[in-house]
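1. This is the structure alone, sequence omitted:
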Ligand code: CAA
């Protein structure tokens, strides 16, 4: 199911979707984003896949939306094109997505990373929202997701100055989960994906949904949502199996239902 710009491979219960437009540091043009979203949605429906890794190459995860494609557009063209609306579909993917990032994750690249659920970075990874240097501002979630991830003052710093931060700094600010040497970032992401793929999938799905709910609801609404999902899991075979296995001191065998 690989396409022009996205290479998809599957193994051990997870899939890797690799952004492949290396000549332009994986700049995210509209065709690439259409393929990426299609690939993620296809993997979301694939029963062999329980976790997805999204990655680029060692030099770039993605250096942003394709500037050449946007440079001459009018406001009306941008509005009617509404190219970033497609990006919202990443947020609707039910399976966990781990971003494995090396090199540049800038502008739209950083915004795609933030639309993922967890982030493993190589020591060379660089994160930033440099759109201000182009006379614009983040347009695919940067002002909202970055602010929620790193807090107001750091988000203001990055968005208003365009300053790019290192992987270590991103780790310190809670933007990413882990930094590892460049030789290991994909292997580390694979090991996280394999671990998540070994968990009961329905519980994983509802847990992801519940954590994401925290971003767009009140505490009361979120707690209610969480509680209902918790109760709902008692309708799953995996809840019976997981608790029986604990009581019988054995390893559970998940059915995924
Ligand atoms: N769009 C289109 N092409 C891009 C690109 C982008 N975002 N980023 C890099 N490229 C292209 C360059 O034009 C260049 O192509 P050519 O060889 O044909 O000239 C190629 O990729 C290599 O880039 P550089 O020669 O610039 O490589 P470098 O190592 O000297 O610099 C860089 C790397 C600092 C990342 C630099 O390329 C850069 O600043 N890129 C733009 C980053 C940026 O501003 N991103 C935000 C885009 S707008 C956006 O994303 C809006 C949004 O909110 C969604």
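-> Structure's in. What do you need? Just so it is clear, the structure is predicted and the values come from calculations on it, not from any experiment.
2. Let me know the average pLDDT across the lengthiest helix in the chain.
-> When the chain is parsed with DSSP state H, its longest helix is helix 30-45. What helix 30-45 shows for mean pLDDT is 97.
3. Is the ligand within reach of it?
-> No - against the ligand, helix 30-45 shows no contacts by Cβ under 6 Å from any ligand atom, the least distance being 9.6 Å. No exception for glycine: its C-beta is placed from N, CA and C like everyone else's.
4. so what secondary structure elements neighbour that helix?
-> strand 6-11, strand 14-19, strand 51-55 (3 or more Cβ pairs under 8 Å, 6 or more residues apart in numbering; DSSP states H and E).
5. which outside residues touch the last one?
-> If you take Cβ atoms under 8 Å, 6 or more residues apart in numbering as the criterion, strand 51-55 is touched by 13-19, 36, 40, 43-44, 61, 93, 95-102, 112, 116, 186, 189-190, 192-194, 196-197, 204.
6. And those residues, which of them are buried?
-> Among the contacts of strand 51-55, those classed as buried by 16 or more other Cβ atoms under 10 Å are 13-19, 36, 40, 43-44, 61, 93, 95-102, 112, 116, 186, 189-190, 192-193, 196-197, 204.
7. Which among the helices and strands packed on helix 30-45 is found nearest to residue 137?
-> Judged by Cβ to Cβ, the one of the helices and strands packed on helix 30-45 that comes nearest to residue 137 is strand 14-19, at 23.2 Å.
8. now the closest one against strand 6-11, angle please.
-> Here strand 14-19 runs at an angle of 160 degrees relative to strand 6-11 (axes from the mean of the first three to the mean of the last three Cα atoms, to 10 degrees).
9. Sheet partners, orientation included, of strand 14-19?
-> When pairing is defined by DSSP bridges, strand 14-19 lines up against strand 6-11 (antiparallel), strand 51-55 (parallel).
10. all strands for the chain, in order.
-> Along the chain, the stretches classed as strands by DSSP state E are 6-11, 14-19, 51-55, 60-62, 97-101, 104-106, 118-122, 126-128, 165-166, 178-180.
11. Same list (those) but as CSV, adding distance to residue 238 and mean pLDDT.
-> Below are the strands of the chain laid out as CSV (distance: least, Cβ to Cβ, whole Å; pLDDT from 0 to 100):
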stretch, distance to residue 238, mean pLDDT
strand 6-11, 22, 97
strand 14-19, 18, 98
strand 51-55, 16, 98
strand 60-62, 34, 98
strand 97-101, 21, 98
strand 104-106, 35, 98
strand 118-122, 22, 98
strand 126-128, 36, 98
strand 165-166, 40, 98
strand 178-180, 28, 98
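12. which stretch among these comes nearest the ligand?
-> Smallest distance to the ligand across the strands of the chain (Cβ to the nearest ligand atom): 4.4 Å, for strand 104-106.
13. Now do the closest one: everything it contacts.
-> By Cβ under 8 Å, 6+ apart, strand 104-106 touches 25, 59-64, 99, 112-113, 125-130, 164.
14. Residue 90 is in contact with residue 141, correct?
-> No - with contact defined as Cβ atoms under 8 Å, residue 141 does not count as touching residue 90 (9.4 Å).
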